[in-house]
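In: Structural data only, the sequence is not supplied:
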Ligand code: AQP
């Protein structure tokens with residue numbers, strides 16, 4: 001059976017960008033793939049958040065995975081730090097990745113610009129991400145568009161390693177949703193919506209109340225033209241809201257645009273809000289129920305990390321044997 005792997009960093013609460021660009025599409029994979037979804041907490045050490053926040057976010061994200069419909073009996077849901085082979089493989093692959101290629105990563109450039117002491121982890125982040133993916137002999141990686149460059153690097157490292165040592169790693173393919181690959185910020189529709197955005201009305205979080213969602217969408221930047229159609233260059237704000245609407249209603253952009261023929265921006269925003277709230281509300285209800293059952297979530301994490309470890313150990317064995325490290 002082929003493997004699908006993806007992960008989310010517990011750097012904050014999750015946005016509808018994370019949801020529409022990645023997680024919404026994860027639910028049915030287990031039917032055709034061995035489905036592995038991680039909370040990549042080691043990655044989040046590259047960001048400055050408190051230990052309490054990291055812990056709480058991680059727990060909430062796992063709960064959200066289940067609330068979204070990921071059945072923990074059919075999907076491997078776990079914390080990255082619970083499987084020590086992620087770090088082990090990352091170190092080994094660090095020795096096969098080049099400073100030059102890592103320096104070209106745009107996410108590193110974006111996140112390090114203006115920072116005084118850039119931590120080494122931020123620079124090496126893409127190698128840890130490559131390790132996450134390669135550890136499970138992953139075939140496909142469903143991610144948003146922002147991860148394209150990291151995925152390319154993962155493939156390059158895997159091919160380089162295989163050329164040296166034989167068929168050790170599966171070469172993964174990226175799978176990005178056509179329309180919702182890059183949900184933009186509501187206040188800055190030229191930039192991607194991000195969970196660590198400093199502008200409070202830029203991101204809608206999956207767990208935002210209906211009132212808050214309404215407030216944020218009402219304030220979303222549009223333009224002065226007054227008619228609703230899709231044109232990312234000319235109308236980034238309106239196009240982004242149309243994309244969100246199409247994403248939650250599972251309509252094409254043409255179908256979505258048709259729904260707003262003759263509508264003014266007030267009506268348009270109201271309908272986008274309603275559709276978004278309707279899509280998120282069952283997830284929020286399920287989340288509220290599950291989050292109270294801490295023992296259940298902890299049990300899911302223990303059982304699933306054991307499953308993940310068993311797969312990871314097989315890859316590490318192959319890798320260590322290939323490079324001449326002792327195996328037992
Ligand atoms: N705006 C977005 N549109 C579509 N997809 C998105 N993703 C993130 N933002 C958008 C996808 O969500 C998955 C998990 O992302 P991540 O947690 O690894 O971190 P990220 O890509 O760096 O996302 P954020 O929200 O911008 O986090 P911070 O602010 O912490 O850096 C990935 O599949 C990603 O593509």
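Out: That came in fine, so what should we check first? What you see is a predicted model, and the numbers here were worked out from it, not measured in a lab. Numbers count the residues shown, from 1 in each chain.

In: What is the burial count for residue 92?
Out: When neighbours are counted by other CB atoms under 10 Å, residue 92 registers 17. (C-beta placed from N, C-alpha, C; glycine too.)

In: How about it: what's its closest non-neighbour residue?
Out: residue 319 (6.0 Å; CB to CB, 6 or more residues apart in numbering).

In: so what pLDDT did the one you found get?
Out: What the model reports as pLDDT for residue 319 is 98.

In: Equivalent analysis for residue 21, please.
Out: At residue 21, pLDDT is 89.

In: contacting residues for residue 253?
Out: Shown in contact with residue 253 (CB atoms under 8 Å, 6 or more residues apart in numbering): 179, 230, 242, 243, 246.

In: how does it look with 6 Å?
Out: Contacts for residue 253 (CB atoms under 6 Å, 6 or more residues apart in numbering) come out as 230, 246.

In: how much space between it and the ligand?
Out: Computed with CB to the nearest ligand atom, to the nearest Å, the distance linking residue 253 and the ligand is 15 Å.

In: Could you list the contact residues of this structure toward the ligand?
Out: 8-9, 11, 15, 17-18, 21-22, 143-144, 146-147, 181-183, 192-196 (CB under 6 Å from any ligand atom).

In: Correct me if wrong, but residue 283 is in a helix.
Out: Yes - under DSSP: H, G, I helix; E, B strand; the rest coil, residue 283 falls within a helix.

In: List the buried residues in stretch 55-75.
Out: For stretch 55-75, the buried set under the neighbour-count rule, 16 or more other CB atoms under 10 Å, comprises 57-68, 70, 72, 75.

In: which one of those residues is nearest residue 276?
Out: Using CB to CB, residue 68 comes nearest to residue 276 of those, at 15.0 Å.

In: quick one: contacts for that closest one?
Out: 23, 283.

In: cool, the one 10 residues further on as well?
Out: The neighbours of residue 78, taking CB under 6 Å, 6+ apart as the test, are 38, 304, 305, 308.

In: how about the residue of the chain positioned farthest from its centre, phi and psi?
Out: In the chain, residue 262 marks the outermost C-alpha relative to the chain mean, sitting 35.6 Å out by CA atoms, centre = their mean. The phi and psi values for residue 262, taken as degrees, to the nearest 10, are phi 80, psi 0.

In: Contact partners for it?
Out: If a contact means CB under 6 Å, 6+ apart, then residue 262 has no contacts.

In: Could you tell me how far it is located from the ligand?
Out: Residue 262 is 29 Å from the ligand, by CB to the nearest ligand atom.

In: before we move on, what about residue 119?
Out: 15 Å.

In: so who does that residue touch?
Out: Applying CB under 6 Å, 6+ apart, we find residue 119 in contact with no residue.

In: and it, what are its phi and psi?
Out: Given degrees, to the nearest 10, the pair of backbone angles that residue 119 has is phi -80, psi 150.

In: Where does the stretch 51-200 of the chain get nearest to the ligand, which residue?
Out: Closest residue of the stretch 51-200 of the chain to the ligand, CB to the nearest ligand atom: residue 144 (2.4 Å).

In: Look up phi and psi at the residue nearest to that residue when sequence neighbours are not counted.
Out: Spatial nearest neighbour of residue 144, excluding adjacent residues (CB to CB, 6+ apart): residue 21 at 3.3 Å. Phi and psi for residue 21, reported as degrees, to the nearest 10, are phi -80, psi -20.

In: gap between residue 21 and residue 60?
Out: 19 Å (CB to CB, to the nearest Å).

In: Could you check how many residues crowd around residue 173?
Out: With other CB under 10 Å as criterion, residue 173 counts 11.
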